[in-house]
Each structure stands twice: as structure tokens, then as C-alpha cells.
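[1] sequence and predicted structure, then a few things I'm wondering about:
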Amino acid sequence: MFSCEVEYELESEKFVPKIVVNSLFTEGEPFVVNLTFSKDIFSNSRETNYIQNAKVFIKEVNTGKMEALFYDSLGNYTMTEFLPKSNFLYELKVLVPGYTEISASSKLPSRVSQVNII
């Protein structure tokens, strides 16, 4: 039985981290937005690169209210000036020095009536 082994050297361009934005929001609970930098697939580091110097804003489109979130820890930005409500549209804006602005919007669906089936 024979086998062979071939080594390949993968050449990659210089890795430039991208911003990763994670946020789930629930009616009546404070907004939390998590910001990290992406990792190079060839890196052996297990360290998470939290973004601590961003400016993060959430706008409640229905009312026009807009508030800045504050940095808490571990990449988490939060605020409690207003809480998410169903059927309201929210816009998120993230500004990180050296990167282009990131924005997104989302809306909480209406509560579904629970029906008992016997």
C-alpha cells in the first residue's frame, strides 16, 4: 500500500478585520448590541476582539426618539431610555473609527393571541 503527501502553502492577502454586529431585542427588555471584530481564519488566537470605542445609536422611528447606547463590557452596548415595543420600527447606527457607518432596521412583530385547543 502506498500513499503520498503534498504540502500546500496558502497565500493570503493581508487580513483586515470587519465589524461584527449582533443584537436581539425583546419587548420590554433593554436593547443590547454586541460589537466585535472578525478574526483571520488562519489565526490561532482564541481571543475575542471586542470593540470598545464605537458610537452606537438606536432610533425609534415611530416616535423619532433617538438615544446613544453606552459601553458596558465584553463588546456590549446598552441603554434603557426606552424599551422595545411591538409594531415599532427601530433603526440601529454604528460608528467605529476607521470604518464606514453600519446601519440596520428591524421591527418587533405583534403579539400573537394564544388559543387553547382541547
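    The structure has been received and is ready for your questions.

[2] so the closest residue to residue 104 other than its chain neighbours is in which element?
    The shortest distance from residue 104 to any non-neighbouring residue, by CB to CB, 6 or more residues apart in numbering, is to residue 92 (4.8 Å). Using the backbone N, CA and C atoms, a C-beta is placed for each residue, glycine as well. Assessed by DSSP states H and E, residue 92 sits inside strand 89-95.

[3] contacting residues around that strand?
    Strand 89-95 is contacted by residues 19, 21, 23, 25, 31, 33, 35, 54-62, 84, 101-107 when judged by CB atoms under 8 Å, 6 or more residues apart in numbering.

[4] repeat that for 6 Å
    The set of residues external to strand 89-95 that reach it, using CB atoms under 6 Å, 6 or more residues apart in numbering, is 21, 54-59, 61, 101-107.

[5] just the CA trace of that strand, in PDB.
    C-alpha atoms of strand 89-95 as PDB (Å, rounded to 0.1, in the frame of the first residue of the first chain):
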ATOM      1  CA  LEU A  89     -39.700  50.200  13.800                       C
ATOM      2  CA  TYR A  90     -36.100  50.600  15.100                       C
ATOM      3  CA  GLU A  91     -33.000  51.800  13.300                       C
ATOM      4  CA  LEU A  92     -29.500  51.000  14.500                       C
ATOM      5  CA  LYS A  93     -26.500  53.100  13.600                       C
ATOM      6  CA  VAL A  94     -22.900  52.000  14.500                       C
ATOM      7  CA  LEU A  95     -19.900  54.200  14.000                       C
END
